[in-house]
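Asks: Got a predicted structure here, sequence first:
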Amino acid sequence: MTSPQQFDAIIIGSGQGGNPLAMALAEAGMHTALIERKHVGGTCINEGCTPTKTMVASGRVAYLARRAADYGVHTGPITIDMAKVRQRKRDIVDRFRNGSQTRIENTANLELIFGEASFSGPKTIAVRTQDGGQRTLSAKYIFINAGTRASRPTLDGLETVALLDNVSIMELDAVPDHLLILGGGYIGLEFGQLFRRFGSQVTIVQSAGQLLTREDPDVAEEITNILRQDGGEVLLNAKATRVSRAAGSVQLEIQSQNAPATLTGSHLLVATGRVPNSDTLNLKVAGIQTDKHGFIQVNDRLETTAEGIYALGDIKGGPAFTHISYDDFRIIRSNLIDKKPASTKNRQVPYTLFTDPQLGRIGLTETEARAQGRNIRVAKLPMTHVARALEVDETRGFMKAIVDAETNQILGAAILGIEGGEIMSALEIAMMGKLPYTALRDGTFAHPTLAESLNNLFMAMDSGK
């Protein structure tokens, strides 16, 4: 057997944690190999944040164009050119992807290898390259950043239909007549609202009693109302039991409120979760343990059960967000390169759901805080009481913050409203700085801005409104 090629570090997967880590290690003088199966950039650039938010922008333009008369602006009939929407999405993805690949290829000490990686020993990686060749690599440090993929539920007849997932739905060249969506999470809701705005009839089938099961019931209820206001159909407590193809349509059988029903649509999007890309890595031979779902187990320094092997990004489980993957990179860089202690303990996990209006979330929900037995106060303000929202006629949703009643510290927030992610970020900064809510209540913010509404949010709590 040929001896493995020696590196100081090997990274499997060029996602939003793996890419900057590879460059940082190489720039620190470590001979580094970055192995990528298909496209540089990971899920975010190729199949997640970048393409979806690009398409969501097109959907918002269609939404505003249809509302133009509300603002005294009159337009003609609105039509959707899906080929143009898709090409715009492809162009932006290519720009981001190619920019990342160029930076990697121009980094000294770093070799980019396209191929399929798996462990062949405790510190040895076998790579089946894209040109059909085979390479064997070895390193003192190995980092797994291989991500996740769309899961497929166990559903009778699913293999008989041409289902869509979060990747294939963005490659459609025509607007679906009737899009059936299995799943009421982030992916299902963003695509549901998007294609409703493009003109599709949309039906979201959610097995639970609310959408977004990790959110407070009032937040989930308001999002449900918004989707229904936009003309979407949302079915709760509806369990899919069978799917079939008939006369060119998809038929989805459900059990809802103890009564069976059959839905007929032109397309079916399955958005029922994600599974880790750990099943092809041959982790056992390296002594790397996973949980029952296949997510790699790590400690708070992102070390796996095998010495010198780390996991970062979505494949380790936990919050599946690009900014968390990037923070994983910062933790590893700090520990290994900068020699400064860092861990995942107590880090904040902000996120934004890019429905319209957005849902920006940080910290504890009200439900979580009460379950922990905390003494809390809840600040809540409808967007109809926000001057800027009224001026631009975007008043759907509300702002909500959870405050510790004894320390006045902000414990969490849900901002469901125009630019909710940006307002949430202002609250996150206050939480990072350990500011009491009174600092925002009494702060001077420019008028008329959305941030100014933080005055009113916390004054409403104090006044008992």
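Replies: Nice, thanks for sending it over. Since we're looking at a predicted model, the values are computed, not measured.
Asks: quick one, what contacts the residue nearest to the spatial centre of the chain?
Replies: In the chain, the centroid-proximal residue (C-alpha atoms, centre = their mean) is Phe321; its distance is 4.9 Å. Contact analysis of Phe321 by C-beta atoms under 8 Å, 6 or more residues apart in numbering lists 349, 351. Using the backbone N, CA and C atoms, a C-beta is placed for each residue, glycine as well.
Asks: Check what pLDDT it gets.
Replies: At Phe321, the model reports a pLDDT of 93.
Asks: now it: how far from Thr352?
Replies: Distance from Phe321 to Thr352, counting by C-beta to C-beta, to the nearest Å: 9 Å.
Asks: residues of the lengthiest helix in the chain that come out buried?
Replies: Scanning the chain for the helix with the most residues, using DSSP state H, yields helix 82-105. Going by neighbour count (16 or more other C-beta atoms under 10 Å), the buried part of helix 82-105 is 82, 85-86, 88-89, 92-93, 96-97, 100-101, 104.
Asks: And stretch 240-260, by the same measure?
Replies: Result for stretch 240-260 [16+ other C-beta under 10 Å]: buried residues 240, 243, 249-254, 256.
Asks: again with stretch 153-172
Replies: For stretch 153-172, a neighbour-count test (16+ other C-beta under 10 Å) marks 155, 157-158, 161, 163-166, 169-170, 172 as buried.
Asks: got the domain boundaries for the protein?
Replies: 5-150+275-337, 158-272, 357-463 (automatic domain parsing).
Asks: one step back: now for the buried residues of stretch 153-172: which two are most distant?
Replies: Farthest pair in the buried residues of stretch 153-172 (C-beta to C-beta) is Gly157 and Met170. Separation: 24.7 Å.
Asks: on contacts alone, who are the packing partners of the longest helix of the chain?
Replies: helix 18-27, helix 42-46, helix 49-66, strand 110-121 (3 or more C-beta pairs under 8 Å, 6 or more residues apart in numbering; DSSP states H and E).
Asks: Mind checking these for the one nearest to Thr262?
Replies: Thr262 lies closest to helix 49-66 among these, at 28.6 Å (C-beta to C-beta).
Asks: pLDDT on the closest one, on average?
Replies: Taken as a whole, helix 49-66 has a mean pLDDT of 96.
Asks: cool, stretch 225-243 as well?
Replies: Throughout stretch 225-243, pLDDT has a mean value of 97.
Asks: likewise stretch 279-289?
Replies: Stretch 279-289 carries an average pLDDT of 96.
Asks: So what would you say the end-to-end distance of it is?
Replies: End-to-end span of stretch 279-289 (C-alpha to C-alpha, to the nearest Å): 12 Å.
Asks: Quick check: nearest residue in space to Val386, chain neighbours excluded?
Replies: Excluding its sequence neighbours, the residue lying closest to Val386 (C-beta to C-beta, 6 or more residues apart in numbering) is Ser453, at 4.4 Å.
Asks: For that neighbour, report the pLDDT, please.
Replies: 96.
Asks: and it, what is it in contact with?
Replies: With contacts defined as C-beta under 8 Å, 6+ apart, the neighbours of Ser453 are 381, 385-389, 399, 423.
Asks: same thing with Leu211?
Replies: Residues near Leu211 by C-beta under 8 Å, 6+ apart: 184-185, 189, 204, 220, 223-224, 227, 234, 236.
Asks: Check Gly318 too.
Replies: Ile324.
Asks: what helix or strand is it on?
Replies: Using DSSP states H and E, Gly318 sits in no helix or strand.
Asks: Ok, the one 10 residues further on next?
Replies: Assigned by DSSP H and E, Asp328 belongs to helix 322-332.
Asks: So which bits of that helix are buried?
Replies: For helix 322-332, the neighbour count (16+ other C-beta under 10 Å) marks 322-329, 331-332 as buried.
Asks: re the thing from before, could I get the domains of the chain in JSON lines, plus columns for distance to Thr344?
Replies: Below are the domains of the chain laid out as JSON lines (distance: least, C-beta to C-beta, whole Å):
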{"stretch": "domain 5-150+275-337", "distance to Thr344": "5"}
{"stretch": "domain 158-272", "distance to Thr344": "19"}
{"stretch": "domain 357-463", "distance to Thr344": "16"}
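Asks: check contacts around the closest residue to Asn19 other than its chain neighbours.
Replies: Once flanking residues are discounted, Asn19 sits nearest to Ser100: 5.9 Å by C-beta to C-beta, 6+ apart. Going by C-beta under 8 Å, 6+ apart, Ser100 touches 14, 19, 40-41, 45.
Asks: What are the boundaries of the helices in this protein?
Replies: Going by DSSP H, the chain shows helices at 18-27, 42-46, 49-66, 82-105, 186-198, 217-229, 322-332, 366-371, 387-391, 420-432, 437-441, 453-463.
Asks: okay, those helices in CSV with distance to Leu302 next?
Replies: Listed next are those as CSV, based on distance: least, C-beta to C-beta, whole Å:
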stretch, distance to Leu302
helix 18-27, 10
helix 42-46, 16
helix 49-66, 22
helix 82-105, 21
helix 186-198, 24
helix 217-229, 31
helix 322-332, 6
helix 366-371, 24
helix 387-391, 40
helix 420-432, 21
helix 437-441, 33
helix 453-463, 35
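Asks: which one of these lies closest to Gly133?
Replies: helix 82-105 (19.1 Å).
Asks: Distance from the chain centre to that closest one, please.
Replies: 19 Å (C-alpha atoms, centre = their mean, to the nearest Å).
Asks: What lies in contact with stretch 69-77?
Replies: Residues contacting stretch 69-77 (C-beta under 8 Å, 6+ apart): 65, 68, 393.
Asks: end to end, how far does that stretch reach?
Replies: In stretch 69-77, first residue to last residue: 12 Å (C-alpha to C-alpha).
Asks: Identify each buried residue in that stretch, please.
Replies: Of the residues in stretch 69-77, none is buried (16+ other C-beta under 10 Å).
Asks: Quick one: residues contacting the nearest residue to Ala108 once chain neighbours are set aside.
Replies: Leaving aside its chain neighbours, Ala108 sits nearest to Ala26 (6.5 Å; criterion: C-beta to C-beta, 6+ apart). Going by C-beta under 8 Å, 6+ apart, Ala26 touches 32, 107-110.
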